[in-house]
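> model the following, please.
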Amino acid sequence: MKQFTAQGVAAATGIAIGPAYVYQPSIPEISKGPVSDAAAERRRLIEAVKSVDSRLAQLEETTRTQVSEEAAEVFAAHRMFLEDPALSGRAVELITSDSSSAEHAVTLVTSELADEFASIGDDYFAQRAVDILDIGQQLVRELMGLGSSGLAEIDVPSIIVADDLTPSDTMSLPEGMALGFCTREGSPTSHAAILARAMGIPAIVGVSRIDVVSGTHIAIDGDEGVLYVNPGGEVLSKLVDRKEQLAVALSDAASRAGERAVTIDGRALEVVANIGVPADAERARSAGAEGVGLLRTEFLFIDRHALPTEDEQYAAYSSVLEVFGDLPVVVRTIDVGGDKQVPGIEVEEEANPFLGKRGIRLALAEPEIFQTQLRALLRAGLHGNLKIMFPMVATLAEIKAAKASLEVAASSLDAQGVKRAEGFEVGIMIEVPSAAVISDVLAPHVDFFSIGTNDLTQYTMAIDRTNPTVAALADPLHPSILRLIAKVIEAAHEHGKWVGLCGELAGDPLAAPALLGLGLDEFSMNPPSIGIVKDALRSWSAQGARDVAERCLGAASSVEVRKILAETEPH
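Just a heads-up that it's a prediction; the model follows:
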């Protein structure tokens, strides 16, 4: 048996060992036409659109309940593309004008649309091109009676090996059948990689050499990005040992997840959860969350044709606050724009939506929508420990404008005799470099900061994290990001304010000592990470963490930072 290894890019942590399942989706040759009954062909297309939309709705709901709200947004976006007249409308026109078959019309239109997005030269739109091709493939399969992804037929737990995996491929897998993912294409920020991380499935991408057939015994290392083909002897033994050690560590950490995270010299840390829908609240509480560091409110605005009412929002926010009682719940006001377009809010097409009208900018530009949300939040605040957070803040003027809007909402409730919360805190996300740089100026005007390292890294490093060619450079452990985090924490503490971190970095146990050493007060993460991060924090002293953080701040690269953190024993 031929043995070899191939290097790829780490996409989702963990070790997977098992048989390969080589996935090569194929569709029979498509007839161009002409068709004899264009009206019947149009009806076929309309029915296919309905069927695919129904399947996507099921995938969205399954993903929302079993994975996360953030992961479910992938399918919400796919449904929006499916409804867009630029796709289905143009396909209908082709059937009418050229007597094209529905399959050919869909293939042509989705290919043209994908090319248009890809040709813009922006990698955000390049990812949208992948989404459109995925939708086109689903429509063609439906039209040809092939059903959903071929991966739905897999019946032996395997490591899925493919050129690439679409979101619909990934979520079509029967439960328990995917041991890991290994793809030739893709990036750590592709939708498939995001779903793999959310599901806790090891994954590597960008493996140029994948010379295997189904049934081949392989292993993947989702931390090092390595594919092992027919591993044996000492290599296999080490991989099995690491896999078992990781499983034991995760199990032990989960058993202690409900306990406080206290350093060996007595410093207590607050470990809380990022959640996307009210249903996540109970799961987060069960996972050991001591509150919510980020409640995303976009779930109320996605996949609907009308904006949510004040009472709808009040009920949703109240339900989360009641689960946590006196524990803190940080609610981020609506953060749309960028990659989170939602129906009901008009956002003009922008060349670079990540740098456009989004977050607090959009909220301030839509005062009626903002007022409805703020009123609902103030009413819901009576049910728990509410903290309101404004996203995407770049300037002091935005803070003042947002707080003025909050005062208007409070005054309107008071004038109507409606009871509302009074003793709540107001904070901002630090995800724009300008806010980090002037954090000493901003601190006196807020009660807390919450650092969003995903966007802070992207904007600081001038890297689109959806771009596979540069995604590896978007590392939140780069010294430049750590120095900005240190500056923000220092500025806040000088003014008696606390600082949380709700980016993916907070859920990385490797980063725990560096963040602890920088003085971070609150760690907010996806619930599955709570136990292992608490264990990491418990193994350090505050002073030992300060020592290692200083070394990280003096490093020259993220590689050096990671080496320091990996090789320094807790003390």
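
> ramachandran coordinates for residue 144?
phi -90, psi 10 (degrees, to the nearest 10).

> over to residue 367?
Phi and psi for residue 367, reported as degrees, to the nearest 10, are phi -60, psi -30.

> what's the answer for residue 555, then?
Dihedral angles phi and psi of residue 555 (degrees, to the nearest 10) take the values phi -70, psi 160.

> try the one 3 residues further on
Reported as degrees, to the nearest 10, the phi and psi values for residue 558 are phi -70, psi -30.

> roughly how far does it sit from residue 94?
Distance, residue 558 to residue 94, using Cβ to Cβ, to the nearest Å: 48 Å. For glycine as for every other residue, the C-beta is placed from the backbone atoms N, C-alpha and C.

> could you do residue 482 as well?
For residue 482, the distance to residue 94 (Cβ to Cβ) stands at 53 Å.

> and those two? Which one has more around it.
Neighbour totals were compared for residue 482 and residue 94, and residue 482 leads with 25 against 22 (other Cβ atoms under 10 Å).

> so that one sits in a helix?
Yes - under DSSP: H, G, I helix; E, B strand; the rest coil, residue 482 sits within a helix.

> let the chain start at 48 from now.
Sure, I'll start numbering at 48, so the last one becomes residue 529.

> my read: it touches residue 564, true?
No - counting by Cβ atoms under 8 Å, residue 529 sits too far from residue 564 to count as a contact (9.8 Å).

> between the two, which contacts overlap?
With contacts taken as Cβ atoms under 8 Å, 6 or more residues apart in numbering, the residues that reach both residue 529 and residue 564 are 596, 599.

> which residues of the stretch 348-497 of the chain fall in helices?
Here the stretch 348-497 of the chain has its helices, by DSSP state H, counting those that start in this stretch, at 357-371, 407-412, 414-427, 443-462, 480-484, 486-489.

> mean pLDDT for the ones you listed: which is lowest?
Of all the helices of the stretch 348-497 of the chain, helix 407-412 carries the lowest average pLDDT, namely a mean of 93.

> any buried residues in it, and which?
Neighbour counts over helix 407-412 (16 or more other Cβ atoms under 10 Å) mark 407, 408, 409, 410, 411 as buried.

> same list (the residues you listed) but as TSV, adding distance to residue 503.
TSV is the format used below for the buried residues of helix 407-412 (distance: Cβ to Cβ, whole Å):
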residue	distance to residue 503
407	15
408	17
409	19
410	20
411	21
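
> what is the distance between the longest helix that the chain contains and the centre of its chain?
Criterion DSSP state H: the longest helix present in the chain is helix 85-113. A distance of 24 Å separates the centroid of the chain from that of helix 85-113, by Cα atoms, centre = their mean, to the nearest Å.

> what is the mean pLDDT for it?
Computed over helix 85-113, the average pLDDT equals 86.

> buried residues in that helix?
Buried residues in helix 85-113, counted by 16+ other Cβ under 10 Å: 85, 88-89, 91-92, 95-96, 98-100, 102-103, 106-107, 110-111.

> per-residue confidence for residue 145?
Per-residue pLDDT puts residue 145 at 84.

> go ahead and confirm it touches residue 88.
No - using Cβ under 8 Å, residue 145 makes no contact with residue 88, being 10.9 Å away.

> ok so, going back, CSV please, covering the helices of the stretch 348-497 of the chain and showing distance to residue 346.
Formatted as CSV, the helices of the stretch 348-497 of the chain follow (distance: least, Cβ to Cβ, whole Å):
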stretch, distance to residue 346
helix 357-371, 8
helix 407-412, 16
helix 414-427, 13
helix 443-462, 21
helix 480-484, 25
helix 486-489, 28
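
> go through these and name the closest to residue 525.
Among the helices of the stretch 348-497 of the chain, helix 480-484 comes nearest to residue 525, with 12.8 Å by Cβ to Cβ.

> mind splitting this protein into its structural domains?
51-70+197-279, 85-190, 308-614 (automatic domain parsing).
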